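Chemist: A structural model of the following input is requested.
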Amino acid sequence: MSFFSDPRWSEALAHLPDYLGNHVRVSVTALALGLAVSLPLAVAARNQPVMRGALLGLASIVQTVPGLALLALFYPLLLALAALSLAWFGFGFSAFGFLPAALYSMLPVLRNTITGLQAVDPAILEAAQGVGMTPRQSLFMVELPLALPVMMAGIRTAAVWVIGTATLSTPIGQTSLGNYIFAGLQTQNWVFVLFGCLAAAVLALAVDQLLALIETGIRSRRLLRAALGGIGIAALVAATLVPTMARSPSSYIVGAKTFAEQYVLSALIAQRLRAAGLSATSREGLGSNVIFEALVSNDIDVYVDYSGTLWANQFHRSEIKPREELLGELKATLAQQNVTLLGELGFENAYALVMPRKRADALGIHSIADLAPHARTMSMAADYEFFSRPEWASLQKAYGLSFRAQRQMQPDFMYAAVASGEVDVIAGYTSDGLIAKYDLVVLDDSKHAIPPYDAIVLLAPKRAGDQALRDALQPLLGKIDIATMREANLRAAGGDGASSPDAVARWLWEKIGKR
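Modeler: A predicted model of the protein is given here:
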């Protein structure tokens, strides 16, 4: 089977109306907001050197902040604004949004608008003043028309930047073409990654060329050409938004974090809801803190989290307690935020130190305590957050671990890295199917430095009394053991069998539905 005959292309194409429509909506709204803020500021600062320098400096600083970091930083702000809006005006809004992407449109618009206005010949301004024009008339009838071609060049740059930045909005809950990229990276579905990149590039090129048509029409004073560009932009927006807007909203939104297991479990939950006659969609690729805050604020309805993650990261508890005691306290703590812990799925996905079985046997390493004396001569890799998590501090304190080198990398890649000998040890996940694929061994944590990590189903405050939701999810509770979840994760990561999360979720239900 050739690469382009892969059935995953059809699956990617099926998602295109939803992902593309949402991406265009985010990009258009972000660009419009950026223009609404930048243009008046640029006009006000055109003759104010101090204000002009401050605005351009601030916009330049924003431009240097990595897009994903900017989006994540703004999510708590949007949550606070939504809460204030609800308290003051009686209505709220979803914190999943476009606001951070708008900031990336400001610099080119500000810079080009100011440059275009300053480039207007002073003699022309004197002539306008001489015929009796007011400053306002001079601005709108002389300065802005003359500066418009340069301004359009800035708008073109801003549009391309916003379309690119919008792909990074997936981790804060905004559906976009980035869903292809993030999901593809986590499930090693390179068709999705390529499809998402191509779709974003084609969209950016199409918008840039249509804006270029408007720009050249303005420069050459060919109104028909400029009008055709405007009509093309309007047609593109309409064509991508109509399918999304025509779709009826789903009753339930299922959240998922940024790794393959979460994609599978969110697909499984959504399928069980639909099987019960309830409409459901998935909101995937959310960061750990973002997804919990989204649940608390009712932006999503249900998702699977892990007891140790909530205990250590969300609630900053450092003490390690027995499993049942920890779950009981966690349930009470969640209830204080009106979040319902519906139950456990039956398996744990805990952090664990992992190394190749042959190397471990050769060195006589079977536990983390055995590893400690060798650690100073070894290198270790983990995901992007592990070395800043409480579990790492707990492991260091309990075993005195100190490695020669510590590296951060994409979770799926670190398994291949340790199997090939590029690193000696990794912080893996106990339910990961790649452990069996690469013949790795999980080192025993005899001092219980890592807390329990039971997979648990959480319900949003507004779903606390939703009996239909509870009934639909009840058949999943306690039914997924660690071996079954490992096999599902291996399939989702490109192992034998169907590899799409939806297909793996159907396989998983066939396995557990009979229990």
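Chemist: longest helix in this structure, by residue count?
Modeler: In the chain, assigned by DSSP state H, the helix with the most residues is helix 8-45.
Chemist: Longest strand in the chain, please.
Modeler: Ranked by residue count under DSSP state E, the longest strand found in the chain is strand 340-348.
Chemist: And it, what does it pack against?
Modeler: In this structure, strand 340-348 makes packing contacts with helix 323-336, strand 454-459, helix 482-492, judged by 3 or more CB pairs under 8 Å, 6 or more residues apart in numbering; DSSP states H and E. In this view, the C-beta of every residue, glycine as well, is placed from N, C-alpha and C.
Chemist: Other residues contacting it?
Modeler: 265, 304, 306, 327, 330-331, 334-335, 430-431, 452-459, 463-464, 470, 473, 476-482, 484-485 (CB atoms under 8 Å, 6 or more residues apart in numbering).
Chemist: Can you select the buried ones among those for me in ChimeraX?
Modeler: Of the contacts of strand 340-348, the buried ones can be selected in ChimeraX as follows, counting by 16 or more other CB atoms under 10 Å:
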select :265,304,306,327,330,331,334,430,431,452,453,454,455,456,457,458,459,463,470,473,476,479,480,484,485
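Chemist: picking that back up, how about the longest helix of the chain, which residues are buried there?
Modeler: Neighbour counts over helix 8-45 (16+ other CB under 10 Å) mark 8, 11-12, 15-31, 33-35, 37-39, 41-43, 45 as buried.
Chemist: Could you do stretch 205-215 as well?
Modeler: Per 16+ other CB under 10 Å, stretch 205-215 contains these buried residues: 207-208, 210-211, 213-215.
Chemist: For Leu241, state which of these is nearest.
Modeler: Of all the buried residues of stretch 205-215, Val207 has the smallest distance to Leu241: 13.8 Å, by CB to CB.
Chemist: I'd like to know which elements the helix or strand containing the closest one is packed against.
Modeler: For Val207, the element it lies in under DSSP states H and E is helix 190-219. Judged by 3+ CB pairs under 8 Å, 6+ apart, helix 190-219 is in contact with helix 8-45, helix 144-166, helix 178-187, helix 223-246.
Chemist: Compare those helices and give me the one nearest Leu508.
Modeler: Per CB to CB, nearest to Leu508 of these: helix 178-187, 14.3 Å.
Chemist: Now the closest one - C-alpha only, PDB.
Modeler: The C-alpha trace of helix 178-187 is given here as PDB (Å, rounded to 0.1, in the frame of the first residue of the first chain):
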ATOM      1  CA  GLY A 178      -3.500  22.200  14.800                       C
ATOM      2  CA  ASN A 179      -5.700  19.200  15.900                       C
ATOM      3  CA  TYR A 180      -4.200  17.300  12.900                       C
ATOM      4  CA  ILE A 181      -0.600  18.100  14.000                       C
ATOM      5  CA  PHE A 182      -0.900  17.500  17.700                       C
ATOM      6  CA  ALA A 183      -3.000  14.300  17.400                       C
ATOM      7  CA  GLY A 184      -0.700  13.100  14.600                       C
ATOM      8  CA  LEU A 185       2.500  13.600  16.700                       C
ATOM      9  CA  GLN A 186       1.000  11.800  19.700                       C
ATOM     10  CA  THR A 187      -0.300   8.800  17.800                       C
END
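Chemist: elements contacting that helix?
Modeler: Using 3+ CB pairs under 8 Å, 6+ apart, helix 178-187 sits against helix 8-45, helix 190-219, helix 260-275, helix 411-419.
Chemist: chain center to it: distance?
Modeler: Put simply, helix 178-187 sits 9 Å off its chain's centre (CA atoms, centre = their mean, to the nearest Å).
Chemist: helices and strands around the longest helix of the chain, which ones?
Modeler: Packing contacts for helix 8-45, counted by 3+ CB pairs under 8 Å, 6+ apart, involve helix 49-64, helix 99-103, helix 106-118, helix 144-166, helix 178-187, helix 190-219, helix 223-246.
Chemist: okay, the angle between it and helix 144-166?
Modeler: Here helix 8-45 runs at an angle of 140 degrees relative to helix 144-166 (axes from the mean of the first three to the mean of the last three CA atoms, to 10 degrees).
Chemist: Helix 106-118 and helix 8-45, what's the angle between them?
Modeler: Using the same axes, to 10 degrees: helix 8-45 against helix 106-118 is 40 degrees.
Chemist: Now do helix 8-45: distance to the chain's middle.
Modeler: 16 Å.
Chemist: For Asp383, find the nearest of the helices and strands packed on strand 340-348.
Modeler: helix 482-492 (14.9 Å).
Chemist: Outside of that closest one itself, list whatever touches it.
Modeler: For helix 482-492, with CB under 8 Å, 6+ apart as the criterion, the contacting residues are 187, 260-261, 263-264, 347-349, 430-437, 455, 496-501, 503-504, 507-508, 511-512.
Chemist: 6 Å - rerun?
Modeler: Helix 482-492 is contacted by residues 187, 260-261, 264, 347, 431-433, 437, 497, 499, 501, 504, 508, 511 when judged by CB atoms under 6 Å, 6 or more residues apart in numbering.
Chemist: Where does pLDDT dip in the protein?
Modeler: In the prediction, the chain carries residues with pLDDT under 70 at positions 1-8, 59, 61-87, 89-107, 171-173, 186-188, 243-250, 494-499, 514-515.
Chemist: Specify the residue ranges that define each domain of it.
Modeler: Following the assignment in automatic domain parsing, the chain carries domains at 3-246, 252-348+455-512, 351-442.
Chemist: okay, those in TSV with distance to His448 next?
Modeler: TSV is the format used below for those (distance: least, CB to CB, whole Å):
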stretch	distance to His448
domain 3-246	29
domain 252-348+455-512	6
domain 351-442	8
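Chemist: Mean neighbour count, those domains: which tops it?
Modeler: Among the domains of the chain, the stretch with the highest mean neighbour count (mean count of other CB atoms under 10 Å) is domain 252-348+455-512, at a mean of 20.
Chemist: Distance from that one to the middle of the chain?
Modeler: 17 Å.
Chemist: Need the distance between the two termini of it.
Modeler: End-to-end distance for domain 252-348+455-512, by CA to CA, to the nearest Å: 23 Å.
Chemist: could you dump the helices and strands packed on helix 190-219 to CSV with distance to Ala369?
Modeler: Shown next, in CSV, are those (distance: least, CB to CB, whole Å):
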stretch, distance to Ala369
helix 8-45, 44
helix 144-166, 47
helix 178-187, 33
helix 223-246, 55
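Chemist: before we move on, the earlier item: select, from the contacts of helix 482-492, the two members most distant in space.
Modeler: Most distant of those, by CB to CB, are Phe347 and Ser499, 20.4 Å apart.
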